[in-house]
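Engineer: Coordinates for the following, if possible.
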Amino acid sequence: QVQLVESGGGLVQAGGSLRLSCAASGRTFSSYAMGWFRQAPGKEREFVAAINWSGGSTYYADSVKGRFTISRDNAKKMVYLQMNSLKPEDTAVYYCAVARGGYSRDPSDFRSWGQGTQVTVSS
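Structural biologist: Reported below is the predicted structural model:
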């Protein structure tokens, strides 16, 4: 069982940057795809980015493509989300998650979730 802890959220002005980190425990971390999702108040959880087991393939929601970058370090059991050119609409709680198998954008295909980290972008 992989356990996840996110960090790095905070308050930033529009146009600024943040780097989210997700620390994982468990021996099988490097075997699975990982994803970042976000949930704003009153909205459903939505896909942000995903990365395959090796880090060789990445996938992004259209709303963040070109601004966000997902990466992983399997030796350190870490996943990162570099967020640049942040917009007020990026405000949400951000979660990292372990996929049940390969790449997916569907939250139901992810089996372990962190507690989330709040990102607030002011205009």
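Engineer: contacting residues for the residue positioned nearest the centre of the chain?
Structural biologist: The chain has W36 as the residue nearest its centroid, 2.3 Å off, counting by Cα atoms, centre = their mean. Counting by Cβ atoms under 8 Å, 6 or more residues apart in numbering, W36 touches 20, 22, 48-50, 70, 79, 81, 94-97. Any C-beta I mention is one placed from the backbone N, CA and C, and that applies to glycine too.
Engineer: which residues does it form a beta bridge with?
Structural biologist: A49, C96 (DSSP bridges).
Engineer: Give me the buried stretch members for the helix or strand bottoming out on mean pLDDT in the chain, please.
Structural biologist: One helix or strand of the chain scores below all others by mean pLDDT, DSSP states H and E: strand 110-113, with a mean of 91. By 16 or more other Cβ atoms under 10 Å, the buried positions in strand 110-113 come out as 110, 112-113.
Engineer: Next: stretch 32-43.
Structural biologist: Neighbour-count burial for stretch 32-43 flags 32-38 (criterion: 16+ other Cβ under 10 Å).
Engineer: tell me which of those is nearest to A75?
Structural biologist: Among these, M34 lies closest to A75 (Cβ to Cβ), at 14.5 Å.
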